[in-house]
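**Student:** Need coordinates for the below:
(2 chains)
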Amino acid sequence: MEQIRRTKITDLLKTTETGQIVNVKGWVRTKRGNKQVNFVALNDGTCIHNLQIVVDVPNFDESQLKRITTGAAVSINGEVCASTGSGQAVEVLAKEIEVMGDCDVDKYPLQPKKHSLEFLREIAHLRFRTNTFGAIARVRHAMIFAVHQFFTQKGFLNIHTPIITASDAEGAGEMFKVTTLDLDNLPRTEEGDINFKEDFFGKATNLTVSGQLEGELAALAMGEIYTFGPTFRAENSNTSRHLAEFWMIEPEMAFYDLNDNMDLAEEFLKFLIKYALDNCLDDLKFLSNRLQEEEKGKKAEDKTMELIEKLEFVLSNDFIRLPYTEAIDILKNSKPNKKGKFKYPIDGFGSDLQSEHERYLVEKHFKKPVILTDYPKDIKAFYMKQNEDGKTVRAMDVLFPQIGEIIGGSQREENYDKLYNRMTEMEIPAEEMWWYLDTRRFGSVVHSGFGLGFERLMLFVTGMGNIRDVIPFPRTPKTAEF
RNA sequence: UCCCUAGUAGCUCAGUUGGUUAGAGCGGCGGACUGUUAAUCCGUAGGUCGUAGGUUCAAGUCCUACCUGGGGAGCCA
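**Tutor:** Below is the predicted model:
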């Protein structure tokens, strides 16, 4: 076979020029045709579209053509032609075909037909080869790039915070233990506890649940920083919005108060959504069509807004900013509350909002993203800036339709005494957190930050319903295959 | 972790008040067709009914436990 430099399908489909001889490599999606002519739909992962390969059957060996099955990897030299069919502008007329990797159709689980997302989740090693998961992988990459671009343009520094941490004080969730101790023969102290002094780090260590505390250390020297890394929660959460291993973006900014923080969060989310619309439109259109198909059977009232329309809607509307106490008033006077429709009725200040309440505010009352602020201090973390009323803290949660909380953040408590007292009240071991408290002893300053769950963003941008489908290899309770 | 729900062919599902030999569509394979778009038409193979117990003359169907998936809740991002 003549050696020709490979052309990527995404580039080839953009050409209007015909007559040139090219090489394409990829995986066969479908083959159809008759004794005279075969049509092979070829995909190489570079875009959602397939390239149509036209095979004049008499020009090729029958046994070779038999090997061109769904899933097979092929390399093709051929001529770029204007297509006489209606589905595509250009196609490639095959001159030489090499089957690089055969694919036994009796054993290959992906068939040229629609598969359920649940089934594909069981074959996550192969689901990249489907249109849906190919599109998601490309959008995910674009979003990763956009995160770095946004912060770089704004002069933020990317900080790598540790994955292994000795602090378990933040209380963000149950942690995964990290150890090299022999689990069948654990060293004990005289009191009978496990002796972590003999462990690798000489103390008990865990996988991080947040890079925030270390991020604050950097922000209080570098000004504006962000982290973007893996985060681990050992909670036994079995929902479509939680993962045991997920990626989080945590900006932390010196000299920002809560309003600056909200401004940044809103600008950031809009930047990411616009980036997706500007750079991933083909993939988003595919995902949108997929959703429309799925919703065909649904009642009008259950149907959601079309994906691209929804993304543009978020771009063109200001987020509602609402203090917790006002949200409680709205909910208290709402129809579902008065009619007893809420499973958890609103009785007044102090209780945390349930999913049903957040959804009512976002999806029914305001019908746009909502930032709730100034929550009761008792339901929020120790490091949040205490308000003068003594009851609330300068927290903010950004709530999105369908997915709920996409961002959680706050202005941080910069006053040493207030922070130390709050830690004592909440029984957080201040002596282990000496390094964190030091920032409040030496040149402390107003600062703020937030955390964005990257997969939650992906849910919103792709319109997917289950978080396990927007990360390549999901980690959830009882599942760590692949 | 709690509540609800499901597990039958490679995939998606049907299977009546428990009753003879478990069905369909898609996919596969074979054939037909000179340009198809998840092609179409004809034919064909393919099942230890999630696992383990139990009830019964008889269990895919009823009961119990467990496993796994899905939806919801809590925890949160």
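**Student:** Let me see the confidence value for A:M1.
**Tutor:** Per-residue pLDDT puts A:M1 at 86.
**Student:** That one: what's it in contact with?
**Tutor:** With contact set as CB atoms under 8 Å, 6 or more residues apart in numbering, A:M1 has these partners: A:75, A:77, A:96, A:98. C-betas here are computed from N, CA, C, even on glycine.
**Student:** My guess is the first one contacts A:K25. True?
**Tutor:** Yes: contact criterion CB atoms under 8 Å: A:S75 and A:K25 qualify, at 4.6 Å.
**Student:** restrict the contacts of A:M1 to those near RNA strand B?
**Tutor:** Checking these against RNA strand B by CB under 7 Å from any atom of the strand, not one of them is in range.
**Student:** Could you write me a PyMOL select line covering just the buried ones among those residues?
**Tutor:** To isolate the buried ones among the contacts of A:M1 in PyMOL, judged by 16 or more other CB atoms under 10 Å, type:
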select buried, chain A and resi 75+77
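**Student:** Which ones among the contacts of A:M1 map onto strands?
**Tutor:** Under the assignment DSSP state E, these contribute A:75, A:77, A:96, A:98 to strands.
**Student:** ok, now which ones touch the last one?
**Tutor:** For A:E98, the set of contacting residues under the criterion of CB under 8 Å, 6+ apart consists of A:1, A:74-76.
**Student:** Tell me where chain A has helices.
**Tutor:** A:9-12, A:62-66, A:117-122, A:131-153, A:212-222, A:258-279, A:281-295, A:307-316, A:324-332, A:335-338, A:355-359, A:416-425, A:434-441, A:454-462 (DSSP state H).
**Student:** And RNA strand B, is the worst-scoring helix or strand of chain A on mean pLDDT touching that?
**Tutor:** Least confident helix or strand, chain A: helix A:335-338 with a mean of 88, by mean pLDDT, DSSP states H and E. No: Helix A:335-338 does not reach RNA strand B (CB under 7 Å from any atom of the strand); its nearest approach is 13.4 Å.
**Student:** what's next to that helix, contact-wise?
**Tutor:** Contacts to helix A:335-338, defined as CB under 8 Å, 6+ apart, come from residues A:331, A:341-342, A:345-346, A:360.
**Student:** rerun that using 6 Å as the cut-off
**Tutor:** Identification of contacts with helix A:335-338 by CB atoms under 6 Å, 6 or more residues apart in numbering yields A:331, A:342, A:346.
**Student:** With stretch A:355-372 instead?
**Tutor:** By CB under 6 Å, 6+ apart, the list of residues contacting stretch A:355-372 reads A:262, A:317, A:319-322, A:324, A:327, A:331, A:342, A:396-401, A:404.
**Student:** highest average neighbour count across the helices of chain A?
**Tutor:** Counting by mean count of other CB atoms under 10 Å, helix A:454-462 has the highest mean neighbour count of those, with a mean of 24.
**Student:** Which residue ranges of the stretch 1-150 of chain A form strands?
**Tutor:** In the stretch 1-150 of chain A, the segments counted as strands under DSSP state E, counting those that start in this stretch are A:21-33, A:37-43, A:51-56, A:73-82, A:90-101.
**Student:** need those in JSON lines with mean pLDDT, can you?
**Tutor:** Below are the strands of the stretch 1-150 of chain A laid out as JSON lines (pLDDT from 0 to 100):
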{"stretch": "strand A:21-33", "mean pLDDT": "95"}
{"stretch": "strand A:37-43", "mean pLDDT": "95"}
{"stretch": "strand A:51-56", "mean pLDDT": "95"}
{"stretch": "strand A:73-82", "mean pLDDT": "96"}
{"stretch": "strand A:90-101", "mean pLDDT": "95"}
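**Student:** mind listing what the residue of chain A found nearest RNA strand B touches?
**Tutor:** Residue nearest to RNA strand B within chain A (CB to the nearest atom of the strand): A:G85, separated by 1.6 Å. By CB under 6 Å, 6+ apart, the contact list for A:G85 is empty.
**Student:** Dihedrals phi and psi, it?
**Tutor:** When read as degrees, to the nearest 10, the backbone of A:G85 gives phi -80, psi 170.
**Student:** any idea how far A:L51 is from it?
**Tutor:** 13 Å (CB to CB, to the nearest Å).
**Student:** Quick check: A:T439 touching A:L220?
**Tutor:** Yes: with contact defined as CB atoms under 6 Å, A:T439 and A:L220 form a contacting pair (4.9 Å).
**Student:** List buried residues within the contacts of stretch A:355-372.
**Tutor:** For those, buried by 16+ other CB under 10 Å: A:262, A:319-322, A:324, A:327, A:331, A:342, A:396-401, A:404.
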